[in-house]
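>>> Have a look at this prediction, sequence included:
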Amino acid sequence: MARERVRFACGCEREIVLSGNRRDRERRIEWLSKQVCYECQRAQARPVLRLARYDWAIAIYNGYDLREQLKSRGWRFENNPLNGARWIYHGTLDAVVDEARHWAEAGIEIDDFPGELSLRALLDGDEAAWAYARERDAHRRVSV
């Protein structure tokens, strides 16, 4: 193992511990020099709000700095290979939209999936989006 100083693409310099032969360590240092350091990645990551596809839930990605507020409002943290790390809030259609409205008004960016149901449309009060959501909600209740 060797301790090496690396200057990242963001300009930060860090001491890291590397293992392996000299050639592998040099390649790793070269690769790291083209990356943004972890602290700068976290600082640049903006929270994003999304409507979950299959049930009435919303998710906030990159919400680490909001964790205490999210916990106090009933959100839970999950980290899985399919969806990645995110904070998730489950509830009824109306509760989920109200919670999304709270965070949108707080300045959290909305990132809609392309598809039939848009969180932005629900927040804007789009009648067609609400009709579709209510129909989907009624069908979901019957099929459960």
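Nice, I can see it.

>>> what's downstream of the worst-scoring helix or strand of the chain on mean pLDDT, the next helix or strand?
Every helix and strand in the chain was compared by mean pLDDT, DSSP states H and E; the lowest is helix 38-44, with a mean of 73. Downstream of helix 38-44, the next assigned helix or strand under DSSP states H and E is strand 48-51.

>>> Where does the prediction get shaky in this structure?
Applying pLDDT under 70 to the chain flags the ranges 43-45, 53-54, 114-116, 140-144.

>>> Domain map for it?
2-42, 46-143 (automatic domain parsing).

>>> residue contacts, the closest residue to Cys12 other than its chain neighbours?
Closest residue to Cys12 apart from its sequence neighbours, by C-beta to C-beta, 6 or more residues apart in numbering: Cys37 at 4.4 Å. Where you see a C-beta, it was placed from the backbone N, CA and C, and this is true even at glycine. Residues in contact with Cys37 (C-beta atoms under 8 Å, 6 or more residues apart in numbering) are Phe8, Cys10, Cys12, Arg14.

>>> The first one: neighbour count?
Close neighbours of Phe8, defined as other C-beta atoms under 10 Å, add up to 18.

>>> so how far is Gln41 from it?
Per C-beta to C-beta, to the nearest Å, Phe8 is found 10 Å from Gln41.

>>> Could you list every helix and strand in contact with the regular element (helix or strand) spanning Val96?
Here Val96, judged by DSSP H and E, is contained in helix 93-105. Packed against helix 93-105, as judged by 3 or more C-beta pairs under 8 Å, 6 or more residues apart in numbering; DSSP states H and E, are the following elements: strand 48-51, strand 57-61, strand 84-90, helix 119-123, helix 127-143.
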